[in-house]
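Visitor: Sequence and computational prediction follow.
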Amino acid sequence: MTSAGLTSRQDSPARQPDDLAAAVVRHARRLGFDRCRILPVGAAPHADFFDSWLAADRAGEMSYLTRHATKRRRPDLLAEGEAGPFRSLIVLAVDYHQFDLPPALRDDPSRGLIASYAWGDDYHEIIRPLLYDLDSFIRSRTGRTTLGKCLVDTGPVLERDWAHVAGIGFTGKNCCTIDPAAGSWLLLATVLVPETLTYAPPVATTPGSVSAQAVLEGLSWDGSYGAWELPADDAGPDAATRTGACGRCTRCLSACPTRAFVGPYHLDPQRCISYWTIEARQPVPRDLRPHFGNRIFGCDICQEVCPWNRRLAQRSPLLDGLHARADRIAPPLLEGFAPETPYWLDEQAFRQKFRRSPLRRAKRSGMLRNVCIALGNWGDPSALLALRSALHDSAALARGHAAWALGRIVALHGHDGAASALADALERESDEWVRSEIAAALA
Ligand code: B12
């Protein structure tokens, strides 16, 4: 046994690294991964960008991003105890695109839009066991007794950076990893292992990646980011179809309703609908709220407008559990206030309704905040009863946003019922921030 927990079985002719890498890719495909590429572990190529992004206070409430700075830069250091050092990084991707959101749903302000990655069950819980399976497959081949590191969004690994270097896709100006064949509707994951697996050149793991292969032609991977970059004088999305990058296209940057992009490849989460509706526990800045429209959990706008997401190649079957549930695509905003389905108002009803759903991350109070914003943007008096309930919610976060929404209804319709609900609430309210929201709504 070596310090890395490897036995000599790895050295037997049948266990040459080449074979093992190919077997790993095949097994990943059997498990349902759409892409699997293997790299030697090195330094993350855009770690400097990440650090300056942090230094610019972009992380906001996502304090987990500020931890483990050195390991984020050097994933080989993630090995604990006997497990390491990690020598290979397996980068995996799962395609989650099912259908484009029908305009009738998207443009209906009485419905709340949920980002498409959350239409089914929580992908972390679906993918994590598959990563363990992949690691166990490798262990069964090499006799390793220590565990690899299996991460899906759950560790200090710059997943997009590695996906780019591995050749899973290129980094778009919207920051997303874009596979020229499957678009950007991909979830990423990584497994770090101590075995030295050879770098697997682009492998077609689904019928869809055949055209990705064509796009890759002529781009020999040299281990650097530049392999995907367009010549400076190349132009437009048409050029992009040939070369696998964004060209001069800036649709994502200009479509963002909250102007969250500081520039290409650079998102400021503190202006991003996704950040505010999923990650943040704080009140949403007032000036941003009107731009959220009816998006209540995450946002897909910068992907929906991307030309790479228009010509999607044939897809492989979705992983079990990712399939859209009809009631998690664009639920009617008022449904969760009904006495028989009070999931925005009642913790237990919320937990039951969103069991296994990514929406649990925002918590009920965060979701009610988001729904109040959408109700305010709808501005329809039929929301009055629901907003009155939210105005008396146990969470100050919900009460303050309910006040804002009622203020919108007053502004649009001069509604007496809304104004008197606000005035009554002001008399009883003790939270300073909520009081300021009510006062602003009445002003
Ligand atoms: C924090 C986080 C967020 C934050 C911040 C996002 C951001 N753009 O920084 C918020 C909450 C806003 C968010 C939103 C979303 N997220 Co998110 N998020 C993460 C998380 C946990 C960390 C990302 C991070 O470190 N951000 C900091 C910035 C600086 O890093 P980055 O965007 O990853 O960019 C790196 C590289 O792309 C690289 N880079 C590569 N090429 C180039 C070229 C140039 C010129 C430059 C400057 C940089 C650069 O630089 C960066 C540093 O390495 C990752 C999981 C993970 N561990 O990586 C998921 C992850 C990035 N998110 C994901 C998803 C699906 C989303 C949403 C689509 C969800 C939704 N529908 O609402 C949106 C997309 C928003 C967007 N356009 O980025 C997927 C992305 C898959 C993909 N195809 O790209 C990931 C990988 C999760 C997963 N396991 O699948 N997310």
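Guide: Looks like it arrived, so ask away. As the structure is a prediction and not an experimental result, all values here were calculated from the model. Numbers count the residues shown, from 1 in each chain.

Visitor: nearest spatial neighbour of the residue of the stretch 201-350 of the chain found nearest the ligand, skipping sequence neighbours?
Guide: Here the residue of the stretch 201-350 of the chain nearest the ligand is Gly298; by C-beta to the nearest ligand atom that distance is 2.9 Å. (C-beta placed from N, C-alpha, C; glycine too.) With sequence-adjacent residues excluded and distances taken as C-beta to C-beta, 6 or more residues apart in numbering, Gly298 is closest to Ala115, at 2.7 Å.

Visitor: do the same with Asp133
Guide: Closest to Asp133 by C-beta to C-beta, 6+ apart is Leu31, at 5.8 Å.

Visitor: circling back to that earlier point, next up, phi/psi of the residue of the stretch 201-350 of the chain closest to the ligand, please.
Guide: Main-chain torsions, Gly298, degrees, to the nearest 10: phi 70, psi 180.

Visitor: Is it correct that it is in contact with Tyr117?
Guide: Yes. In this structure, Gly298 is within contact of Tyr117 by C-beta atoms under 8 Å, at 6.9 Å.

Visitor: more neighbours, these two?
Guide: Shown here are Gly298 and Tyr117; by other C-beta atoms under 10 Å, Gly298 has more neighbours (23 against 19).

Visitor: tell me the contacts of the more buried one?
Guide: Listed by C-beta atoms under 8 Å, 6 or more residues apart in numbering, the contact set of Gly298 reads 114-115, 117-118, 273-274, 277-278.

Visitor: go on, Trp404?
Guide: 286, 289, 372-373, 376, 437, 440-441.

Visitor: swap the cut-off to 10 Å and go again
Guide: Under the criterion of C-beta atoms under 10 Å, 6 or more residues apart in numbering, the contact list for Trp404 reads 283-284, 286, 289-290, 369, 372-373, 375-376, 387, 437-438, 440-441.

Visitor: cool, and Cys302?
Guide: By C-beta under 10 Å, 6+ apart, the contact list for Cys302 reads 172-176, 184, 251-256, 260-261, 267, 272-274.

Visitor: Helices - which of those residues land there?
Guide: Judged by DSSP state H, the subset of the contacts of Cys302 located in helices is 251-255, 273-274.

Visitor: Just the buried ones from these?
Guide: 251-253, 273-274 (16 or more other C-beta atoms under 10 Å).

Visitor: Same list, those residues, but only the ones touching the ligand.
Guide: Restricting these to those near the ligand by C-beta under 6 Å from any ligand atom leaves Ser274.

Visitor: With pLDDT added, can I get the buried ones among the ones in helices among the contacts of Cys302 in CSV?
Guide: Shown next, in CSV, are these (pLDDT from 0 to 100):
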residue, pLDDT
Arg251, 90
Cys252, 92
Leu253, 90
Ile273, 98
Ser274, 98
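
Visitor: Specify which member of the buried ones among the ones in helices among the contacts of Cys302 is nearest to Glu159.
Guide: For these, the minimum distance to Glu159 (C-beta to C-beta) is 15.6 Å, reached by Ser274.

Visitor: Is the closest one in contact with Pro257, as I believe?
Guide: No. Using C-beta atoms under 10 Å, Ser274 makes no contact with Pro257, being 11.9 Å away.

Visitor: Name the residues contacting each of those two.
Guide: Shared contacts of Ser274 and Pro257 (C-beta under 10 Å, 6+ apart): 295, 299, 301.

Visitor: of the residues you listed, buried ones?
Guide: For the shared contacts of Ser274 and Pro257, a burial check counting by 16+ other C-beta under 10 Å picks out 295, 299, 301.

Visitor: quick one: contacts for the last one?
Guide: So that's Ile301. By C-beta under 10 Å, 6+ apart, the residues touching Ile301 are 113, 115, 174, 251-252, 255-258, 260, 273-274, 293, 295.

Visitor: change it to 6 Å
Guide: Listed by C-beta atoms under 6 Å, 6 or more residues apart in numbering, the contact set of Ile301 reads Ala255.

Visitor: swap in the second one?
Guide: Cys299 makes contact with 273-274 under the criterion C-beta under 6 Å, 6+ apart.

Visitor: Report the secondary structure element holding it.
Guide: Under the criterion DSSP states H and E, no helix or strand holds Cys299.

Visitor: For it, give me the pLDDT.
Guide: pLDDT recorded at Cys299 is 98.

Visitor: Show me the domain layout of the protein.
Guide: 8-99+121-243, 333-443 (automatic domain parsing).

Visitor: Which stretch among those approaches Pro109 most closely?
Guide: Among the domains of the chain, the nearest to Pro109 by C-beta to C-beta is domain 333-443 (4.1 Å).

Visitor: hmm, back to that, what about the residue nearest to Asp133, distance to the ligand?
Guide: Separation of Leu31 from the ligand (C-beta to the nearest ligand atom, to the nearest Å) stands at 16 Å.

Visitor: count of residues packed around that residue?
Guide: Count around Leu31 with other C-beta under 10 Å applied: 18.

Visitor: Repeat that for Val25.
Guide: Should you count by other C-beta under 10 Å, Val25 turns out to have 21 residues around it.

Visitor: hang on, it packs against Cys36?
Guide: Yes. Between Val25 and Cys36 there is a contact under C-beta atoms under 6 Å: 4.8 Å.

Visitor: what about stretch 328-346, start to end distance?
Guide: Using C-alpha to C-alpha, to the nearest Å, one end of stretch 328-346 lies 18 Å from the other.

Visitor: residues in contact with that stretch?
Guide: Residues from elsewhere that reach stretch 328-346 (C-beta under 6 Å, 6+ apart): 105, 110-114, 119, 349-350, 353, 368, 371, 374-375, 386, 389.

Visitor: so which two of those are the farthest from each other?
Guide: The span of the contacts of stretch 328-346, defined through C-beta to C-beta, is set by Trp119 and Ser389 at 26.8 Å.

Visitor: Between these two, which is the more surrounded one?
Guide: Taking neighbours as other C-beta under 10 Å, Trp119 and Ser389 compare with Trp119 leading, 22 against 16.

Visitor: quick one, what contacts the more buried one?
Guide: Counting by C-beta under 6 Å, 6+ apart, Trp119 makes contact with 324, 328-329.

Visitor: how about a cut-off of 8 Å?
Guide: By C-beta under 8 Å, 6+ apart, the contact set of Trp119 is 98, 322-325, 328-329.

Visitor: Quick one, which of these are buried?
Guide: Buried subset of the contacts of Trp119 (neighbour count, 16+ other C-beta under 10 Å): 98, 322, 324, 328-329.

Visitor: from the residues you listed, which two are the most distant?
Guide: Spanning the widest gap among the buried ones among the contacts of Trp119 are Leu322 and Ile329, at 13.0 Å by C-beta to C-beta.
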